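>>> below are the sequence and a predicted model; questions follow.
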Amino acid sequence: MTTATAPTTPEEIDSDGALSGAVSGYIARLRGGDTGSLPAVLGFVVLVVFFSATSDAFTSKLNWANLLNQSAAYVFIAMGLVFVLLLGEIDLGAGFTAGTSAAIMGVAMTQRGYAWPVAVIACIITGAFIGLTIGILVARLGIPSFVVTLAYFLGLQGVLLLVIGEGGTIPIRDETILAVNNNNLSPILGWVLFLLVVGGYSAVTFGAMARRRAAGLPTVAPVVVLAKVGALAVLLALATILLNQERSVNPALNSLRGVPLIVPITIVFVVALTFVLTRTTFGRHIYAVGGNAEAARRAGINVGNIKVACFVIGSTMAAIGGILIASRDNSVSPQSGGSSTLLLSVAAAVIGGTSLFGGKGRIIDAVIGGLVIGVIYNGLPLITQRAGIQFIVTAGVLLLAASVDAIARRRAAATGR
């Protein structure tokens, strides 16, 4: 009597049981501790269903677009924090790095009259310089990143007050900067974006599969890839249809429709940063240092340079997040980048699946986690105005995400994955 076994070879995987084999393999990875972004995705779905059932305003066409714009700054700061967290480090100053960099942009553009490209460059250079100094203190002097960035958290608040002035506000009037986190693509451009994303994902996925086949490596069946592409196409098509609908209360006076402009900007950064992490030697070195810094050092990797570079990237992305904050608020104030900006950005990265222990994380984690944070802070005010409940719920979600990460790591260690 023989016992049937799950397909293990490329030829068997290409059989009619390809989809079931892929599902079985995925379940096996989950049991082994490789949860990826699944908890965040499930959390997002649960939150959307809950808020949709408790508030009609949450499901409005206008609110969906607002959700994307509101969470954009957290997503960008979180994308930078992913590089730092992958090392097992932390950057507590990222929020005020965003605020200080945006203040430099505001001074250059509004008070000094420089063109927006010059002001944006000044903003980004400010963020990069802050990251460089943090990286030097952490990597070269050996000061724990928690201590260094806590000092920057306090110090940059002072810098922000000195640049803007206590109680002061720098208005942002440049239409280009304001458009970044407020304007929308035309409906036609929205569908062009849909085709580019689906087509690009298909080309990259099938191209990788073809290269693996040519190299004689195991690959999943084409039907599995088609299922992924089809699911992505359906989700993006539904989102595009929803966002292309008119959502202005007075269309005759001011039409408001189309995919928010921040969406293609985010996609560009996600693709570029993902390429850096997954397709370059630098990216592989980041994972190596985060996994075991001593082993990476003995393998010839310059751990110090990797750490400095990651802090520079993290603070540069925080500066870009500061531009989005200024664009959304139409101004820069002493509160820009303050309040809960840092906590929500860290929460976005961790909730999305990036490990606080280092060595595990992806750029897409920041996007998924940022959307979860956006749903919480968008939906809770619609059913309760009590700020205490909002903080408690966010804290609970963050603790749950950290717990899932810790359990997954223990499970992976137990199974040898």
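Thanks, I have the structure now. Please read these numbers as outputs of a predicted model, since none were measured by experiment.

>>> give me the below-cutoff pLDDT ranges for the stretch 151-300 of the chain.
The model of the stretch 151-300 of the chain has pLDDT under 70 over residues 167.

>>> can I assume residue 269 sits in a helix?
Yes. Counting by DSSP: H, G, I helix; E, B strand; the rest coil, residue 269 is found in a helix.

>>> which residue is the nearest non-sequential neighbour of it?
Using Cβ to Cβ, 6 or more residues apart in numbering and skipping residues adjacent in sequence, the residue nearest residue 269 is residue 79, 6.4 Å away. Placement of C-beta: from N, CA and C, glycine included.

>>> my guess is the one you found contacts residue 273. True?
Yes. Counting by Cβ atoms under 8 Å, residue 273 is a contact partner of residue 79 at 6.0 Å.

>>> I'd assumed residue 262 was in contact with residue 179.
No. Counting by Cβ under 8 Å, residue 262 is not a contact partner of residue 179; they are 9.9 Å apart.

>>> more crowded one of these two?
Between residue 179 and residue 262, counted using other Cβ atoms under 10 Å, the more crowded position is residue 262 (25 against 13).

>>> just the element for the closest residue to the more buried one other than its chain neighbours, please.
Excluding the flanking residues, the one nearest residue 262 by Cβ to Cβ, 6+ apart is residue 72, at 4.7 Å. In this structure, residue 72 sits in helix 61-86 according to DSSP states H and E.

>>> helix/strand/coil for residue 356?
coil.

>>> find the nearest non-adjacent residue to residue 311, please.
Setting aside the residues directly before and after it, residue 311 is nearest to residue 135 in space (Cβ to Cβ, 6+ apart), at 3.6 Å.

>>> quick one, phi psi at the one you found?
phi -60, psi -40 (degrees, to the nearest 10).

>>> roughly how far apart are it and residue 277?
18 Å (Cβ to Cβ, to the nearest Å).

>>> cool, residue 96 as well?
Going from residue 96 to residue 277 by Cβ to Cβ gives 26 Å.

>>> the two - which one has more neighbours?
Neighbour totals were compared for residue 96 and residue 277, and residue 96 leads with 28 against 18 (other Cβ under 10 Å).

>>> check contacts around the more buried one.
Shown in contact with residue 96 (Cβ atoms under 8 Å, 6 or more residues apart in numbering): 152-153, 156-157, 159-160, 337-338, 342.

>>> before we move on, back to that, contacting residues around the residue nearest to residue 262?
181, 262, 266, 324, 328, 370.

>>> what's the distance between it and residue 311?
22 Å.

>>> could you pull out the strands for the stretch 201-350 of the chain?
331-332 (DSSP state E, counting those that start in this stretch).

>>> please, where are all the helices along it?
If DSSP state H, counting those that start in this stretch is used as the criterion, the helices of the stretch 201-350 of the chain fall at 222-243, 262-279, 281-291, 293-298, 303-329, 341-352.

>>> out of the contacts of residue 72, which is most surrounded?
If you rank these by neighbour count (other Cβ under 10 Å), residue 370 sits at the top with 30 neighbours.

>>> my guess is that residue contacts residue 81. True?
No. Counting by Cβ under 8 Å, residue 81 is not a contact partner of residue 370; they are 10.8 Å apart.

>>> hey, where'd the helices end up in the stretch 1-150 of the chain?
Using DSSP H, counting those that start in this stretch, the helices of the stretch 1-150 of the chain run over residues 10-13, 18-31, 38-54, 61-86, 94-106, 116-139, 145-164.

>>> the last one: what's the following helix or strand?
Spelled out, it's helix 145-164. Later in the chain than helix 145-164, the nearest helix or strand by DSSP H and E is strand 170-171.

>>> within its sheet, name the partner strands of that following strand and how each one runs.
strand 331-332 (antiparallel) (DSSP bridges).

>>> who's in contact with the closest residue in space to residue 326 that isn't next to it in sequence?
The spatial neighbour of residue 326 that comes closest, neighbours along the chain excluded (Cβ to Cβ, 6+ apart), is residue 102 at 4.4 Å. Going by Cβ under 8 Å, 6+ apart, residue 102 touches 123, 319, 322-323, 325-326, 332, 336-337.
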